[in-house]
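In: Kindly return the folded structure for what I paste below:
(one chain, ligands or ions: 1)
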Amino acid sequence: MTRIAVRGLTKRYGPDTVVDDLSFTVEPGQVTGFLGPNGSGKSTTMKMIMGLAEPTRGTATIGGRRYRDLRMPLAEVGALLDAGAVHGSRKARDHLLALAVSNGLPARRVDEVLARTGLESVAGKRPGGFSLGMRQRLGISAALLGDPGVLIFDEPVNGLDPEGIRWIRDFMRSLAGEGRAVLVSSHLMSEMARTADHLVVIGRGRLIADTGMGEFLRANGEGTVLVRTPEPGAFALRLTAAGATVRDGSESSLVVSGMSGEEIGRLAAYHGVVLSELSPQQPSLEDAFMELTKDAVEYQGAAA
Ligand SMILES: Nc1ncnc2c1ncn2[C@@H]1O[C@H](COP(=O)(O)OP(=O)(O)OP(=O)(O)O)[C@@H](O)[C@H]1O
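Out: Model (predicted):
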């Protein structure tokens, strides 16, 4: 089982520290979402893991080895870093074949990965005319050629239509389901909530959170319930006594956490309290993410 270990990873470009003493682990069998606002250092971190940028300090290893020390890189790690990039003017299958041959991989892998990414019918075509989604599938095919235990995707759903997004999401899940370690970056929380098992959040190159997705959802996704009653003061006392946390909302409403709408309704019925509103509020994960990273956003747009 191969994992990615990032330890004290730091990258300076001139006076700018774009990755700052970053440490985290990407475990096998999981999709790890790598989240951060634009410019927070996600791509630079991924490039350092893939040996495409030299760390100023610290290490990034795959199965305990730096990329440049891997014996068969394609068989250990696959990456899609520039999703839209298409290399050369070769037909899709020929492109993959050249890559396989030059890396000492069996030619049969080409048809296996084309089947897996659903590109068989266009394998004889040049990727110049491919849609972004198809180019991405071709990039993913290349990443899978060596059947690696570790996969890295930089913003893979950027620019895709909903069907393409769903395909990528399901694909990541199936790769993790096979025991691979999958690291996928995004600047949108909503994309991660349905894909990732684990979250690594960075801002300005620094680690902000390293947490299980379930844990993050429990901490940030637990809803509140908006309650209106003609007797807010008295009912607030009942709610607190029953273990809920209550704060005042607008227009003498109560904002209740720690109890479900159903429990609140029952409590009101038990005490004969009239309720004029009982509405569960769904917090947005995007809001939770923005809150987490608000101090780390480099250029904040002025409020209109
Ligand atoms: N080769 C380079 N030389 C100088 N500065 C760089 C270089 N590469 C990246 N940077 C700077 O490092 C910072 C982090 O960039 P990076 O692309 O890693 O962020 P990111 O989180 O991937 O953002 P995005 O989602 O916008 O791609 C940015 O301020 C960027 O301008």
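
In: CA atoms for contacts and neighbours, from now on please.
Out: OK.

In: Helices of the stretch 51-200 of the chain, start to end?
Out: Using DSSP state H, counting those that start in this stretch, the helices of the stretch 51-200 of the chain run over 73-76, 92-102, 108-116, 132-144, 162-177, 189-193.

In: separation between the residue nearest the centre of the chain and Gly261?
Out: Centroid check for the chain by C-alpha atoms, centre = their mean gives Gly33 as the closest residue, at 2.7 Å. For Gly33, the distance to Gly261 (C-alpha to C-alpha, to the nearest Å) stands at 32 Å.

In: which residues touch Val227?
Out: 253-256, 275-279 (C-alpha atoms under 8 Å, 6 or more residues apart in numbering).

In: would you turn the residues you listed into JSON lines with distance to Thr56, pLDDT and neighbour count?
Out: Converted to JSON lines, these look like this (distance: C-alpha to C-alpha, whole Å; pLDDT from 0 to 100; neighbours: other C-alpha atoms under 10 Å):
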{"residue": "Ser253", "distance to Thr56": "54", "pLDDT": "93", "neighbour count": "20"}
{"residue": "Leu254", "distance to Thr56": "52", "pLDDT": "95", "neighbour count": "24"}
{"residue": "Val255", "distance to Thr56": "49", "pLDDT": "92", "neighbour count": "21"}
{"residue": "Val256", "distance to Thr56": "49", "pLDDT": "93", "neighbour count": "25"}
{"residue": "Leu275", "distance to Thr56": "61", "pLDDT": "96", "neighbour count": "17"}
{"residue": "Ser276", "distance to Thr56": "61", "pLDDT": "96", "neighbour count": "10"}
{"residue": "Glu277", "distance to Thr56": "57", "pLDDT": "96", "neighbour count": "14"}
{"residue": "Leu278", "distance to Thr56": "55", "pLDDT": "96", "neighbour count": "18"}
{"residue": "Ser279", "distance to Thr56": "52", "pLDDT": "93", "neighbour count": "13"}
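
In: TSV please, covering those and showing secondary structure and distance to the ligand.
Out: Converted to TSV, those look like this (DSSP: H, G, I helix; E, B strand; the rest coil; distance: C-alpha to the nearest ligand atom, whole Å):
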residue	secondary structure	distance to the ligand
Ser253	coil	40
Leu254	strand	39
Val255	strand	36
Val256	strand	36
Leu275	coil	47
Ser276	coil	46
Glu277	strand	42
Leu278	strand	40
Ser279	strand	36
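
In: Farthest pair within these?
Out: Pairwise distances across the contacts of Val227 peak at 14.9 Å for Val256 and Ser276 (criterion: C-alpha to C-alpha).

In: what helix or strand is Phe24 on?
Out: strand 16-26 (DSSP states H and E).

In: Just read off the phi/psi values of Thr211.
Out: In terms of degrees, to the nearest 10, the main-chain angles of Thr211 are phi -150, psi 160.

In: residue contacts, the closest residue to it other than its chain neighbours?
Out: Leaving aside its sequence neighbours, Thr211 sits nearest to Leu199 (C-alpha to C-alpha, 6 or more residues apart in numbering; 5.4 Å). Neighbouring residues of Leu199 by C-alpha under 8 Å, 6+ apart: 32-35, 209-213.

In: quick one on the thing from earlier: mind giving me the packing neighbours of the strand holding Phe24?
Out: Contact analysis of strand 16-26 by 3 or more C-alpha pairs under 8 Å, 6 or more residues apart in numbering; DSSP states H and E lists strand 4-13, helix 42-49, strand 181-186, strand 206-212 as its packing neighbours.

In: looking at it, Arg93 is touching Gly124, isn't it?
Out: Yes: Arg93 lies in contact with Gly124 (C-alpha atoms under 8 Å); the separation is 6.2 Å.

In: between these two, who's got more neighbours?
Out: Legend: neighbour count by other C-alpha atoms under 10 Å for Arg93 and Gly124, higher for Arg93 (22 against 13).

In: what about the residue lying closest to the more buried one once chain neighbours are set aside, how many neighbours?
Out: Leaving aside its chain neighbours, Arg93 sits nearest to Ala123 (4.9 Å; criterion: C-alpha to C-alpha, 6+ apart). Using other C-alpha under 10 Å, Ala123 has 20 other residues around it.

In: Done for today, thanks.
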